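Trainee: Okay, here's the prediction I keep looking at, along with the sequence it came from:
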Amino acid sequence: MQWEVIKNEQDKVISQENSHPSLPNDEPSTSSSDGSSGVSTVPRKTCGRLLCDASTVITIQMTEAEQKKLRDLKTNDGIGERPHFYVYCVKPCNSVRVGKLRVRCATCKQGALTLHRDPCNWQDVLNPRQITATCETLGCNGSKAEFFFKCRDHETAGEDDTAVALYLVRANLPAVSCLACTDVSSPVVVFECAESHVMCLDCFVTFSVSRLNERQFLHDGVLGYTLSCPIGCPDSLVREVHHFKLMGDNHYERYQRFGAEEAVLAVGGVLCPYPGCGQGIIPDQDCRRVACLNGCGYVFCRLCLQGYHIGECNPEDGNDPNGVGNSSGFNVDPSRAASSRWDEASSIAIRVTTKPCPKCRTPTERDGGCMHMVCTRASCAFHWCWVCQTEWTRECMAAHWFG
């Protein structure tokens with residue numbers, strides 16, 4: 001085998017920065033009708049240096065539009081920093097935006113609801129049915145509230161038009177410096193570790209992209225492919241993967257692909273080794289011959305990831321104990337040695353255009369004719385099937401003799 005208000009105040013926007021879950025007694029702020037905040041504000045300090053400037057690699061890796069989105073998030077309105085919620089708006093903005101909090105009945109999804117208490121922290125908002133309420137909709141006996149977010153920057157398209165809460169992104173009202181670059185900017189990313197370490201958005205992007213390039217994200221059985229606090233604090237994994245959207249679309253697509261690959265490997269699967277494929281395959285545990293049925297069709301050995309063969313696997317090139325990397329007088333970084341092989345390009349070309357004889361592993365190229373191959377090596381002369389990469393049989397003849 002191969003293998004998701006208060007009564008009559010449905011439109012009320014709670015414009016406040018909720019406290020960390022470990023501080024449930026913080027007083028919530030209020031909003032007046034003109035949008036001004038009822039909480040005292042701390043003047044925003046000017047950021048003396050941005051990590052993501054024209055001289056850094058992030059500028060090269062992110063598009064101009066993605067850089068503009070980050071700059072827009074950090075724009076000072078001239079009247080001091082305000083507390084906000086931040087969300088990822090999938091459509092139509094496709095970017096991080098200021099959000100607005102709404103509430104509805106968890107049963108009938110209507111907004112005619114009387115809350116028994118206000119939300120005090122992110123746990124109250126992110127976890128469903130944390131707060132009791134009385135639903136005022138006729139015929140509904142709902143007793144639990146459900147919070148959700150909308151994007152503030154576009155006209156709502158209905159109650160189903162919701163946005164993902166980026167609960168780690170906060171307005172930097174206390175003016176905490178970034179743990180990486182020590183600048184003070186806003187908004188910032190606040191990790192859920194006990195110390196609540198803070199990173200500016202630029203450094204968070206740099207940190208995430210560097211870990212992605214090194215494939216150093218962590219695979220968690222529940223949360224998936226994610227990161228922890230840069231300091232390595234326990235219980236600090238990012239639970240909402242949309243935070244990694246800050247990296248830009250191209251990096252986020254790579255993040256998703258790497259995450260899918262790690263998930264396949266975590267359950268005992270393999271990735272097709274054919275250049276340009278990488279299809280995830282979950283074969284039977286005792287299966288050695290693996291075919292990439294839903295991808296490129298390549299047939300390979302599960303043990304050595306080379307073209308399928310009969311008999312024992314040969315050691316891969318570069319694993320010879322007498323190789324240059326084991327010289328007592330001169331040490332070579334194995335990663336540099338692997339990328340400095342003169343014949344690397346030709347080896348890939350051979351791998352793409354040929355298949356090995358299943359018996360002696362002589363590279364063989366088919367330029368037409370039938371699928372019945374005969375090894376050209378005189379000492380072998382093995383009869384094999386180009387499709388199955390195993391010994392030629394009457395079944396091969398009946399199924400795909402001519403293609």
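Mentor: Perfect, thanks for sending it.
Trainee: And the helices in this protein?
Mentor: 57-61, 64-73, 122-126, 201-213, 249-266, 334-339, 344-353, 394-400 (DSSP state H).
Trainee: What are the buried residues along stretch 135-145?
Mentor: By neighbour count on 16 or more other CB atoms under 10 Å, the buried set for stretch 135-145 is Cys135, Thr137, Cys140, Gly142, Ala145. (C-beta placed from N, C-alpha, C; glycine too.)
Trainee: So which residues make contact with that stretch?
Mentor: 7, 103-108, 110, 112-115, 128-134 (CB atoms under 8 Å, 6 or more residues apart in numbering).
Trainee: Compute the number of surrounding residues for the residue lying closest to Lys359 once chain neighbours are set aside.
Mentor: Spatial nearest neighbour of Lys359, excluding adjacent residues (CB to CB, 6 or more residues apart in numbering): Phe382 at 4.0 Å. When neighbours are defined as other CB atoms under 10 Å, Phe382 has 16 of them.
Trainee: Identify the residues contacting Phe382.
Mentor: Phe382 touches Cys357, Pro358, Lys359, Cys360, Val374, Cys375, Glu391, counting by CB under 8 Å, 6+ apart.
Trainee: Out of the residues you listed, which comes closest to Leu168?
Mentor: Pro358 (52.3 Å; CB to CB).
Trainee: Quick check: the closest one vs Val222, distance?
Mentor: Pro358 is 42 Å from Val222, where distance means CB to CB, to the nearest Å.
Trainee: Any figure for the gap between the closest residue to His219 other than its chain neighbours and Thr226?
Mentor: Closest residue in space to His219, ignoring its immediate chain neighbours: Glu262 at 4.4 Å, by CB to CB, 6+ apart. Relative to Thr226, Glu262 is positioned 11 Å away (CB to CB).
Trainee: Which residues are in contact with each of the two?
Mentor: Here Glu262 and Thr226 share the contacting residues Phe217, scored by CB under 8 Å, 6+ apart.
Trainee: And the pLDDT at the residue nearest the centre of the chain?
Mentor: Nearest to the geometric centre of the chain sits Tyr255, at 3.7 Å (CA atoms, centre = their mean). On the pLDDT scale, Tyr255 is placed at 90.
Trainee: do the same with Asn18
Mentor: 40.
Trainee: shaky segments in the protein?
Mentor: Across the chain, the ranges flagged by pLDDT under 70 are 1-62, 71-82, 315-352, 403.
Trainee: Domains in it, by residue range?
Mentor: 5-44+80-167, 285-320+349-400 (automatic domain parsing).
Trainee: Using PDB, write down the CA coordinates of the lengthiest strand in the chain.
Mentor: Assignment by DSSP state E gives strand 95-105 as the longest strand of the chain. The C-alpha coordinates for strand 95-105 follow below in PDB (Å, rounded to 0.1, in the frame of the first residue of the first chain):
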ATOM      1  CA  SER A  95      -2.400  41.000   5.700                       C
ATOM      2  CA  VAL A  96      -2.100  41.800   9.400                       C
ATOM      3  CA  ARG A  97      -4.600  44.500  10.400                       C
ATOM      4  CA  VAL A  98      -6.100  46.200  13.400                       C
ATOM      5  CA  GLY A  99      -9.200  44.200  14.500                       C
ATOM      6  CA  LYS A 100     -12.400  44.600  16.400                       C
ATOM      7  CA  LEU A 101     -13.800  42.200  18.900                       C
ATOM      8  CA  ARG A 102     -17.400  41.000  18.600                       C
ATOM      9  CA  VAL A 103     -19.500  38.600  20.600                       C
ATOM     10  CA  ARG A 104     -22.500  36.300  19.800                       C
ATOM     11  CA  CYS A 105     -24.500  33.400  21.200                       C
END
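Trainee: So for Glu262 and Thr226, which residue has more residues nearby?
Mentor: When Glu262 and Thr226 are compared for neighbours, Thr226 comes out ahead with 19 against 16, by other CB under 10 Å.
Trainee: If that one is in a bridge, with which residues?
Mentor: Beta-bridge partners recorded for Thr226 (DSSP bridges): Leu218.
Trainee: Please tell me how far it sits from Phe217.
Mentor: 6 Å.
Trainee: Distance of the closest residue to Val267 other than its chain neighbours relative to Met373?
Mentor: With CB to CB, 6+ apart as the criterion, Val267 has its nearest non-adjacent residue at 6.4 Å, and that residue is Ile282. Distance of Ile282 to Met373, computed by CB to CB: 29 Å.
Trainee: Those two: who's more crowded?
Mentor: The neighbour count for Ile282 versus Met373, taken as other CB under 10 Å, is higher for Met373 (20 against 16).
Trainee: ok, now which ones touch the more buried one?
Mentor: The contact partners of Met373, by CB under 8 Å, 6+ apart, come to Cys357, Thr364, Arg366, His383, Trp384, Cys385, Trp386, Trp392.
Trainee: any chance of the domains of the chain in a markdown table, with distance to Phe191 too?
Mentor: Formatted as a markdown table, these follow (distance: least, CB to CB, whole Å):
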| stretch | distance to Phe191 |
| --- | --- |
| domain 5-44+80-167 | 10 |
| domain 285-320+349-400 | 37 |
